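Engineer: Attaching a predicted model along with its sequence, questions to come.
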Amino acid sequence: MNFPGKTLVFGLVLASAAWQASATPVTVQEMGIDPAHETVEPTSSTLGTVWAYAGIIDLQVNGVAVDGFCIDPFHWSISGVQNYNSVDLSTAPKAPVNGMGATTALEIEQLWEQYFSPTMSSQDAAGLQIAIWELVGGSNFKLDSTPDYGAGDMLNWLNNNSSAPGADLIAVTGPGQDYVIPGSGPHGQRVPDGGATALLLGFAMAGLFVARFKVRAATPSK
């Protein structure tokens, strides 16, 4: 007699494998810091105390100009065209964080929806960048300089608006810093997924079909 639970687990494993396959190779080039930025002094667990730019970052992803923010205060950026992967925001950045998780990803999406504008001031852009760093970095990050350019106010707003809508964002992760960029909408370009979404759906449907077949086969005929 077949045990349906084993087949259901198999279906979930297939779906998980498809999710892992959803990381899509892209090229990323940091073109420089946007004029909307300020210079701040943070400390992180890997870089120590440094001077850094906080604000909008001008990127090219697969040759398309995109506004982004750093979600990785643990690594330096690398010049030139680099090989990255586009991934779900919750699965970035890389070590030492190894994925911010769904809750932090949603919080960043909510902050972006509430505060981001391509024409935002340098102070507001710095505040949003610092707030993102504090959410991702946690105890491994702190801002040593003042002011925080409104980051604290943004985080307070977030605490009082936990059900606020969020923007459609994804991450790009690679050898340099990891970045958050828009997934769609007027301020960003959806990175082509190379069929990963279809692959995910196909694996999941195949797993569920096999599970359903096994469950029916294991049911005694009346």
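Structural biologist: Noted; the coordinates are in hand.
Engineer: Who are the contact partners of the residue most central in space within the chain?
Structural biologist: By Cα atoms, centre = their mean, the chain has its centre lying nearest to Leu89, at 2.1 Å. Applying Cβ atoms under 8 Å, 6 or more residues apart in numbering to Leu89 gives the contacts 71, 100, 105, 108-109, 169-171, 180. Where you see a C-beta, it was placed from the backbone N, CA and C, and this is true even at glycine.
Engineer: Cys70 contacts Gln129, correct?
Structural biologist: Yes. If you go by Cβ atoms under 8 Å, Cys70 and Gln129 touch, sitting 6.7 Å apart.
Engineer: right, and the helix or strand after the lowest-mean-pLDDT helix or strand in the chain?
Structural biologist: Of all helical and strand segments in the chain, the minimum by mean pLDDT, DSSP states H and E falls on helix 4-20, at a mean of 40. With elements assigned by DSSP states H and E, the helix or strand that comes after helix 4-20 is strand 24-40.
Engineer: mind listing what's buried in that next one?
Structural biologist: 24, 26, 28-30, 33-34, 36-38, 40 (16 or more other Cβ atoms under 10 Å).
Engineer: Following the chain past that strand, name the next helix or strand.
Structural biologist: On the C-terminal side of strand 24-40, the closest following helix or strand by DSSP H and E is strand 42-44.
Engineer: What lies in contact with that next one?
Structural biologist: 49-50, 52, 73-74, 130, 133, 137, 140-145.
Engineer: so where is the protein shaky, pLDDT-wise?
Structural biologist: In the predicted model of the chain, residues 1-21, 185-222 satisfy pLDDT under 70.
Engineer: what's the spacing between the residue nearest to the centre of the chain and Gln110?
Structural biologist: Counting by Cβ to Cβ, to the nearest Å, the separation of Leu89 from Gln110 is 12 Å.
Engineer: Which segments of the protein make up each domain?
Structural biologist: 1-22+193-222, 25-192 (automatic domain parsing).
Engineer: which residues does Leu143 contact?
Structural biologist: By Cβ under 8 Å, 6+ apart, the contact list for Leu143 reads 40-42, 130, 133-134, 151.
Engineer: can you check His75 too?
Structural biologist: Neighbouring residues of His75 by Cβ under 8 Å, 6+ apart: 46-47, 176-178.
Engineer: Would you map the helices across this protein?
Structural biologist: Ranges of helices in the chain, per DSSP state H, are 4-20, 101-115, 122-137, 151-160, 196-218.
Engineer: before we move on, the earlier item: what sits closest to the residue nearest to the centre of the chain if chain neighbours are left out?
Structural biologist: Spatial nearest neighbour of Leu89, excluding adjacent residues (Cβ to Cβ, 6 or more residues apart in numbering): Ala105 at 4.2 Å.
Engineer: Report the contact partners of Ile132.
Structural biologist: Neighbouring residues of Ile132 by Cβ under 8 Å, 6+ apart: 69-71, 108, 111, 180.
Engineer: what's the closest of those to Pro93?
Structural biologist: Comparing the contacts of Ile132 against Pro93 with Cβ to Cβ places Ile71 closest, at 5.2 Å.
Engineer: Verify the stated contact: the closest one with Ala92.
Structural biologist: Yes. Here Ile71 reaches Ala92: they are 6.2 Å apart, a contact under Cβ under 8 Å.
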